[in-house]
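*Asks:* Dropping a prediction and its sequence here:
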Amino acid sequence: AGGACHPQWLRQFAQMEHGAQDWLDQVVGHLPHPLLPDAPLKMAAEGSGLADLFNAVQLEVSGAQLSAASLANDVAGLPQVVRRRDLLIAYPYTNTLTVLRITGAVLRQAMERSAAYFTRGEDNTLRVSDCFLEPKVEHYNYDYYAGVTYAYDIARPVGERVVELTFNGTPVKDTDVFTACLSSYRASGTGGYDGYVGCPIVREIGTEMSDLLLDYFKRYGGELPLARGEFRGF
């Protein structure tokens, strides 16, 4: 580490390195337009095509009614011509998927955690709450939801911000029961989503999400169906 590489090692592994780079550069699909990243706050407030893609994949492979997905702190996005390396950069985690059986009360509790991401400054401008910035930056703990229509009112106290939550046009009651597809990371309750702990596991999908994304592109080519989140804002 920190020193010059031995020339014979470079020669020995050059073919393997070139092969790896060629594999990463393989085109796996096309998009009608790039899924460009933006500031984390803007994406959280206005939606993200990349999060829509993740949720679409999770819904399709799981058969669940609902899905929740998050983005990395530094979002790479996807270009119009998508290569294998682009998918690995866009979804940099080794997460698998878990389908839980959750109640409406658990869903609302999870959404309240996501709604706590927002606050307003003294000048009334929207900003990220300190609880997602300190002691470390945790944009990846804000979730985008698919399968429900929902709205937050961040003028209300934390824990009382979900002011609209419907499934197929019907208001969600605490006693309603749903299947929800989550990353293995989120299903464990990590990131402040304690309500998921103890929920019955319906199914575990052991394939890593990056491979599921690759299969999705192979299946649909350039006509990717996206599960756009029905978030009505504030």
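*Replies:* Sure thing, it's come through.

*Asks:* which regions of the chain sit below the pLDDT cut-off?
*Replies:* Within the chain, the ranges that satisfy pLDDT under 70 run 222, 226-229, 233-234.

*Asks:* What ranges does it have for its strands?
*Replies:* 27-30, 66-69, 81-83, 97-103, 118-120, 126-128, 144-146, 149-152, 162-167, 170-171, 177-183, 201-205, 230-231 (DSSP state E).

*Asks:* any chance of the ones you listed in a markdown table, plus distance to H6?
*Replies:* The way it works is simple: take the backbone N, C-alpha and C, and place the C-beta from them, glycine included. Compiled in a markdown table, the strands of the chain are given as follows (distance: least, C-beta to C-beta, whole Å):
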| stretch | distance to H6 |
| --- | --- |
| strand 27-30 | 35 |
| strand 66-69 | 44 |
| strand 81-83 | 31 |
| strand 97-103 | 42 |
| strand 118-120 | 53 |
| strand 126-128 | 47 |
| strand 144-146 | 47 |
| strand 149-152 | 57 |
| strand 162-167 | 59 |
| strand 170-171 | 67 |
| strand 177-183 | 41 |
| strand 201-205 | 43 |
| strand 230-231 | 54 |
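
*Asks:* Quick check: which of the ones you listed is nearest to P40?
*Replies:* Closest approach to P40 among these (C-beta to C-beta): strand 126-128, 7.0 Å.

*Asks:* So which bits of that closest one are buried?
*Replies:* Counting neighbours by 16 or more other C-beta atoms under 10 Å, one finds that the buried residues in strand 126-128 are V128.

*Asks:* Near the nearest residue to I205 once chain neighbours are set aside, how many other residues are there?
*Replies:* Distances taken as C-beta to C-beta, 6 or more residues apart in numbering place L97 nearest to I205, at 4.1 Å, with adjacent residues excluded. Using other C-beta atoms under 10 Å, L97 is surrounded by 25 other residues.

*Asks:* L97 contacts A180, correct?
*Replies:* No - the criterion here is C-beta atoms under 8 Å, and L97 misses it with A180 at 10.6 Å.

*Asks:* Show me what the top helix by length along the chain packs onto, helices and strands only.
*Replies:* The longest helix of the chain (DSSP state H) is helix 7-24. Where contact means 3 or more C-beta pairs under 8 Å, 6 or more residues apart in numbering; DSSP states H and E, helix 7-24 is packed against helix 84-90.

*Asks:* which residues touch the helix it packs on?
*Replies:* 23-26, 28, 35, 50, 75-79, 210, 213-214, 217 (C-beta atoms under 8 Å, 6 or more residues apart in numbering).

*Asks:* next one: stretch 213-227
*Replies:* Residues contacting stretch 213-227 (C-beta under 8 Å, 6+ apart): 28-32, 49, 52-57, 59-60, 67, 82, 84, 87, 90-91, 146-147.
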